[in-house]
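1. sequence and predicted structure are below.
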Amino acid sequence: MPNSSNPDGHPLDPRYCRTKRFRIGASVITIAFFGMFGMFFVVSQYFQFVKGYSPMKTDLATLPSAVTMIIVAPRAVLVQQRITVRRTIALGLASIALGMATFAFFLRDDSSYLVPLIGIVFVTAGVGCAMPSSTTSIMTSLPMNKAGVGSAVNDTTREVGGALGIAVAAPCSRPFSARTSKLPMY
């Protein structure tokens, strides 16, 4: 699809991928959204089919994710200024990993709400911490006149990460109880 601004026809110039900041930013956003969307898929299934929550109660149970994101994301910029972009991204990824480990090792049929809450808070805090720094990495690696390309890459990596997170979480989520084994997806 050639156009006047890029006669080679590449909507995304592959040479941008040579830049380490660009690759890291895009990769981290993909990983963060992979984890977050996978978590939301599994947690909503858990709350509704294992705990017996209604859809409304499930939404309320996951509401702390939005609150966490609102609190953490704006402060991530301040953290980034103190400890560098790279360390802020590492901190965010570590938080996501801790949240996922909480689900993997501590979530059971009879778990109290505190267990998934801790996992939800760690995952969304990690995304809120890593996302602004990753976006900064992508946008600062490109020339100013390619800001639209950076924005498109940022959005695309979020969507791809989210889709992959759900695709992987669905078959990997083992039945928590006898009730979940009767679900059509199993």
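-> All right, it came through fine.
2. could you measure from the residue positioned nearest the centre of the chain over to R108?
-> Per C-alpha atoms, centre = their mean, the C-alpha nearest to the average position across the chain is that of F33, at 2.2 Å. Taking C-beta to C-beta, to the nearest Å as the measure, F33 falls 27 Å from R108. For the C-beta atoms, the positions are set from N, CA and C on the backbone; glycine is no exception.
3. what are the boundaries of the helices in the chain?
-> Ranges of helices within the chain are 20-45, 55-83, 85-106, 114-140, 147-172, based on DSSP state H.
4. list the buried ones in the shortest one?
-> What that stands for is helix 85-106. The neighbour-count check on helix 85-106 (16 or more other C-beta atoms under 10 Å) flags 85, 88-93, 95-96, 98-100, 102-103 as buried.
5. before we move on, the earlier item: out of the helices of the chain, which is closest to L12?
-> L12 sits nearest to helix 147-172 of all these, at 6.2 Å, using C-beta to C-beta.
6. okay, P116: pLDDT?
-> Listed pLDDT for P116 reads 94.
7. list the contacts of it.
-> By C-beta atoms under 8 Å, 6 or more residues apart in numbering, the contact set of P116 is V43, Y46, F47, A61, F103, L107.
8. quick one: low-confidence ranges for the protein?
-> Along the chain, the parts satisfying pLDDT under 70 run over 1-11, 173-186.
9. residue contacts, the residue nearest to A169 when sequence neighbours are not counted?
-> Excluding the flanking residues, the one nearest A169 by C-beta to C-beta, 6 or more residues apart in numbering is G38, at 3.6 Å. By C-beta under 8 Å, 6+ apart, the contact list for G38 reads G165, I166, V168, A169.
10. switch the buried residues of helix 85-106 over to CSV; also include distance to L78.
-> Listed next are those as CSV, based on distance: C-beta to C-beta, whole Å:
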residue, distance to L78
V85, 13
T88, 10
I89, 15
A90, 16
L91, 12
G92, 14
L93, 19
S95, 16
I96, 20
L98, 21
G99, 22
M100, 26
T102, 26
F103, 29
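11. could you identify the most distant pair in these?
-> Farthest-apart pair in the buried residues of helix 85-106 is V85 and F103; separation 27.8 Å (C-beta to C-beta).
12. number of residues surrounding S27?
-> Residues lying near S27 (other C-beta atoms under 10 Å) number 15.
13. ok, the closest residue in space to it that isn't next to it in sequence to I138 distance?
-> The shortest distance from S27 to any non-neighbouring residue, by C-beta to C-beta, 6+ apart, is to T157 (7.8 Å). As for T157, its distance to I138 is 8 Å (criterion: C-beta to C-beta).
14. and L78, by the same measure?
-> When distance is defined by C-beta to C-beta, L78 is 20 Å away from I138.
15. more neighbours: those two, which one.
-> Between L78 and I138, I138 has the larger neighbour count (other C-beta under 10 Å), namely 24 against 10.
16. how about T58, what does it touch?
-> Neighbour list for T58: S44, F47, Q48 [criterion: C-beta under 8 Å, 6+ apart].
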